[in-house]
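[1] predicted model, plus sequence, below.
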Amino acid sequence: MNNRIYRVTIDIINLILGFLTIYAMMFTILLITKSNAAPFLLFLFSLSGALLSYYIKRYAKHIWAFLLFHFLLILILIFLVPSTIGKLLCAFFMLAVTIYSLVKRLREEEMARKNVTPSLLLVFALLYVINYQLRFPELTHLLFGLTVTFILLFFINSYLINFEHYFSLQQETSNVPLKQIKTVNHTIIIFFLGLSFANMFFFTKLPLKELLLSIQKGLLKLIRMVLSLLPEASSKIEETQENAPKKVPIPKHIKVPENTPSPLWEFIQNLITTLLIAAVIIGTIALISYAIYKLYQAFYKEKRSLFKDNTEFISPFDRREKAIKNKSIVNKNSFFRFWNQTNSDKIRRAFYKAVLSKKGKPPKVSATPWELSRYILSDNSSADIEADKKTEALAYYYEKARYNKADCTKEDIENFKKLLY
């Protein structure tokens, strides 16, 4: 399997993760300075410059070509960005990218890729704290979107790094279904990312307070319904409802103090409700993941057949060679082999049924045909010499039916049945 695509993808995702943190700081500076630079153009040009710098680092063969292309790239981006503050930010950013690419080019290339440090999330947290004082609504939405994107890309990159590392170690291993494993793993990670994105979108668009209150009311109704099923409890509930004092209207001139709930009990109630919702969500995700795992396990589970010998395929090559199939002497007249068995299949099936029909301690899994024949004839009251002859004859017919290319005759079936019965 070619791992170059995965290595390039890992490097690009690492580059994007670092760019997201830097762009968050650049956008904050633009808001503080009240610059009229277009943030979207700054984002587009800066990201394009970082990606072009990566490809210059990969394909530039000489140091002068590396520096010349980066110098031209910086000049083009400065010319395209509209405002002065945007030009300065883009110039400093591309200068830092050039130095970073030069250091990476001069260093020896690492064999194993690494993910960026998750401590970069502290930059977003620090900007959140700063924005709490500045109160820029645009920055709040941007930081939320960048944080979610950073987390999802971080998970994708971790998956790709482990995937590439595992398959780089399996290059010389034969009989590994690389294509099936890759397809299943990609499907699972895409499902996980889709589920994560759906949960984030669901909980950001829906009013969380009303959702928690509706879940709380539903739980209370469920508890009351369960308690009402008890005979003693239902009678007590009816008595309390009948004996409850009736509400007396209060005159308007009398002011009744509002009964505010205790903040401690309100916090405990919200905490319990939040924990229950989190447990339901985690349980649902776990059940879906377990169902996908069991489906994958059942789909690729090895199937055993009565008429097929299970052999292990060992080859020094990555792919299975197309072997030339020798034409079998046995004629197979039908696709449904169960209804149109050969004579050899009938002998093997009768031998198999004879082993299963014996009561008592089963034979060893590694038993030979001779040992299985002796196990079948264990209740036979013949003499020792005659029993040994029958055992050898029974094993002979079974081995002939299993290993001989030519089909057995009807006389072999009759002789085999005489030995059994």
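    Received the coordinates, thanks.

[2] all helices of the stretch 301-421 of the chain, in order?
    Counting by DSSP state H, counting those that start in this stretch, the stretch 301-421 of the chain has helices at residues 343-357, 369-376, 384-403, 410-420.

[3] can you list the helices and strands that the longest one packs against?
    When you say that, I think you mean helix 384-403. helix 343-357, helix 369-376, helix 410-420 (3 or more Cβ pairs under 8 Å, 6 or more residues apart in numbering; DSSP states H and E). For every residue, glycine as well, the C-beta is placed using N, CA and C.

[4] tabulate the helices of the stretch 301-421 of the chain (TSV), appending distance to Tyr6, mean neighbour count and mean pLDDT.
    Output for the helices of the stretch 301-421 of the chain, formatted as TSV (distance: least, Cβ to Cβ, whole Å; neighbours: other Cβ atoms under 10 Å; pLDDT from 0 to 100):
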stretch	distance to Tyr6	mean neighbour count	mean pLDDT
helix 343-357	48	16	86
helix 369-376	50	19	86
helix 384-403	46	16	86
helix 410-420	57	15	86
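
[5] what's the closest of the ones you listed to Thr98?
    Distance to Thr98, taken as Cβ to Cβ, is lowest for helix 384-403 among the helices of the stretch 301-421 of the chain, at 71.1 Å.

[6] identify the residues contacting that closest one?
    Under the contact criterion Cβ atoms under 8 Å, 6 or more residues apart in numbering, helix 384-403 has outside partners 343-345, 347-348, 351, 368-370, 372-374, 376-377, 380, 382, 408, 412, 415-416, 419-420.

[7] tally of neighbours for Tyr6?
    Residue neighbour count, defined by other Cβ atoms under 10 Å, stands at 19 for Tyr6.

[8] from Leu44, how far out is the residue nearest to it when sequence neighbours are not counted?
    Leaving out its chain neighbours, the residue that sits closest to Tyr6 by Cβ to Cβ, 6 or more residues apart in numbering is Glu164, at 4.2 Å. Separation of Glu164 from Leu44 (Cβ to Cβ, to the nearest Å) stands at 29 Å.

[9] that older thread, JSON lines please, covering the helices and strands packed on helix 384-403 and showing distance to Leu51.
    Converted to JSON lines, these look like this (distance: least, Cβ to Cβ, whole Å):
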{"stretch": "helix 343-357", "distance to Leu51": "63"}
{"stretch": "helix 369-376", "distance to Leu51": "67"}
{"stretch": "helix 410-420", "distance to Leu51": "74"}
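
[10] what's the closest of those helices to Ile74?
    Set against Ile74 and scored by Cβ to Cβ, the helices and strands packed on helix 384-403 come closest in helix 343-357, at 77.3 Å.

[11] tilt between that closest one and helix 384-403?
    Relative orientation of helix 343-357 versus helix 384-403 (axes from the mean of the first three to the mean of the last three Cα atoms, to 10 degrees): 130 degrees.

[12] can you say which of the helices of the stretch 301-421 of the chain is nearest to Ile130?
    Ile130 lies closest to helix 343-357 among the helices of the stretch 301-421 of the chain, at 76.5 Å (Cβ to Cβ).

[13] ok, and the closest non-adjacent residue to Thr149?
    Using Cβ to Cβ, 6+ apart, the nearest residue to Thr149 is Leu20, at 6.5 Å.

[14] all good on my end, thank you.
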